[in-house]
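J.: Fold the following for me, if possible:
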Amino acid sequence: MSPYQVMGVIACCTIVFAGVVSLLTMQGVHILLAFLVVYLFAVWCMLGMQRRARESYESREDFGKRRDELEPCTGRVRASDFPSYSRNISRRVGQLRV
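T.: Below you'll find the model as predicted:
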């Protein structure tokens, strides 16, 4: 998503939030209670969406082990794997400091 789309979604959610709070306030609900109710409802919806996404991800048949659990060090190269290269680098760094 582009930054403009993200800002648009945030603006729309803010407008909906403010609209629902103002509607509840016009119905006679105290404003702090209206904020709390709408906020807790939004948090409850988000937690429900996360739970459903996690369940659908885990229910896939090809779930298996993750790639990094199977081969944790595949494709990783450390500086200690190349002792001659690291010696040359340390010499060059020493020359730069002098």
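
J.: which residues touch Val9?
T.: Met1 (Cβ atoms under 8 Å, 6 or more residues apart in numbering). In short, each C-beta sits where N, CA and C put it, glycine included.

J.: which other helices and strands contact the longest helix seen in the chain?
T.: Ranked by number of residues, the top helix in the chain under DSSP state H is helix 31-58. For helix 31-58, the elements it packs on are helix 3-26, judged by 3 or more Cβ pairs under 8 Å, 6 or more residues apart in numbering; DSSP states H and E.

J.: now Gly28, what's its secondary structure?
T.: Following DSSP: H, G, I helix; E, B strand; the rest coil, Gly28 is assigned to coil.

J.: Cys45: neighbour count?
T.: Number of residues near Cys45 (other Cβ atoms under 10 Å) recorded here: 10.

J.: what about it, distance to Arg51?
T.: In this view, Cys45 and Arg51 are 11 Å apart by Cβ to Cβ, to the nearest Å.

J.: ok, for Ala34, nearest residue in space, not its chain neighbours?
T.: With Cβ to Cβ, 6 or more residues apart in numbering as the measure, Leu24 is the residue that lies nearest to Ala34, at 3.9 Å, once sequence neighbours are left out.
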